[in-house]
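Colleague: Structure for the following, please:
(one chain, ligands or ions: 1)
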Amino acid sequence: MKWEFAYDSPKAIAQLLGERDFAMTKKFGQNFLLTTSIREKIVSLLSLTAGSRVLEIGPGIGSITTLLLEQEVDLTVFEIDHGFCDILREEAFGSHPNFTLVEGDALKTLFPHLKRVGTVDRICGNLPYNVGTILVARLLESDHRPPLMVFTLQKEVADRLAARERSKEWSAISLLAQADYDITTAATIPPSAFYPPPKVESSIVLFTLREESRVPPHLRESFSIIRGDLFAQRRKTILNNVRSGKSGALLGKEGVAALFAESGVEENKRAEALGWDEFLALSAALYTVRANRSGDTQRDR
Ligand code: SAM
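Modeller: A predicted model of the protein is given here:
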């Protein structure tokens, strides 16, 4: 029998949770998305076809889940709250042939799952505020790159993910996300669209896999080091951040001088003033200087 539930009604949600003696926990960033048109937008952005392999993080009691299953996708959801898991299993979708529930912390369960099944077609979720950024960052750092991902995140995080180079929001996570994905903010969602309403605005973020990564495969490690070092302290110059960062530890004083000479990037700038070309030039220079130094070390032996 199809699960019918008034997901747009705070009263119905409160009643369901009340009957089971549940309370919403701030700890798990639990804010249910009420507005039907917004939930539909998230699903339509995913451009699903029947049989698509889809993962949803943090389904709650299933307000987006139910719309995903209507699309006849093969769905696996990851939920930490055991009470919500009982509702999903017992009342809502337990008998649905296309539905799999993974109970527990997605930060621990998602990556072993991806390792087992391989990269999926889509990943989505109205992510909890407390783990949203870390989960997205870990996904982007992993080798799993689904062609499309759609997440609802705190607006401030969304703005950083989608930031244009050299803008105020331009940061390490902008570089991480935009290396492999084109990022767009598809909508801003007011607190009133949630129950209970959070304190801040949210945004729906669409990640579309680029045909070609901005970072060549051999430069990925160097790019990751440079990205982390340069934004370590925004007020510092990139020279000082490099000196105190991992690249400085790898290269030493002379190596740092060689890095800037090789890259042609001005060392007294701040990271937020650099564009893609400069980050890539520094990554390429780090790669080259390290390779030269390891060649020197081998010759010295
Ligand atoms: N998808 C539902 C909706 O849109 O109405 C609920 C979204 S609510 C913002 C976030 C959901 O993620 C909650 O159900 C919460 O219990 C769950 N959650 C929080 N931390 C989690 C984690 N580490 N792993 C898996 N689920 C988590």
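Colleague: Only C-alpha atoms from now on, for both contacts and neighbour counts.
Modeller: Will do.
Colleague: Contact partners for the closest residue to the ligand within the stretch 201-301 of the chain?
Modeller: Residue nearest to the ligand within the stretch 201-301 of the chain (CA to the nearest ligand atom): Ser202, separated by 10.2 Å. By CA atoms under 8 Å, 6 or more residues apart in numbering, the contact list for Ser202 reads Thr152, Leu153, Gln154, Lys155, Glu156, Ala158, Thr188, Ile189, Pro190, Pro191.
Colleague: Give the next helix or strand downstream of the strand or helix carrying the fifth one.
Modeller: It refers to Glu156. Per DSSP states H and E, Glu156 falls inside helix 155-161. Moving toward the C-terminus from helix 155-161, the first helix or strand encountered (DSSP H and E) is helix 172-180.
Colleague: contacting residues around that next one?
Modeller: In contact with helix 172-180 (CA under 8 Å, 6+ apart) are residues 137, 140-141, 160-163, 183, 209-210, 212-215, 224, 227-228, 231.
Colleague: Which of the residues you listed are buried? Put it as a ChimeraX command.
Modeller: Applied in ChimeraX, the following selects the buried portion of the contacts of helix 172-180 according to 16 or more other CA atoms under 10 Å:
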select :140,160,161,162,163,183,209,210,214,215,224,227,228,231
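Colleague: Now do the buried residues in stretch 50-61.
Modeller: Residues of stretch 50-61 classed as buried: Ser52, Arg53, Val54, Leu55, Glu56, Ile57, Gly58, Pro59, Gly60, Ile61 (neighbour count, 16+ other CA under 10 Å).
Colleague: I'd say the last one and Ile87 touch.
Modeller: Same thing as Ile61. Yes. Taking CA atoms under 8 Å as the definition, Ile61 is a contact partner of Ile87 at 6.4 Å.
Colleague: how's this structure carved up into domains?
Modeller: Listed by automatic domain parsing, the domain ranges of the chain are 10-209, 217-300.
Colleague: ok, then the element right after the host helix or strand of Thr109?
Modeller: Assigned by DSSP H and E, Thr109 belongs to helix 106-117. Counting by DSSP H and E, the next helix or strand C-terminal to helix 106-117 is strand 122-126.
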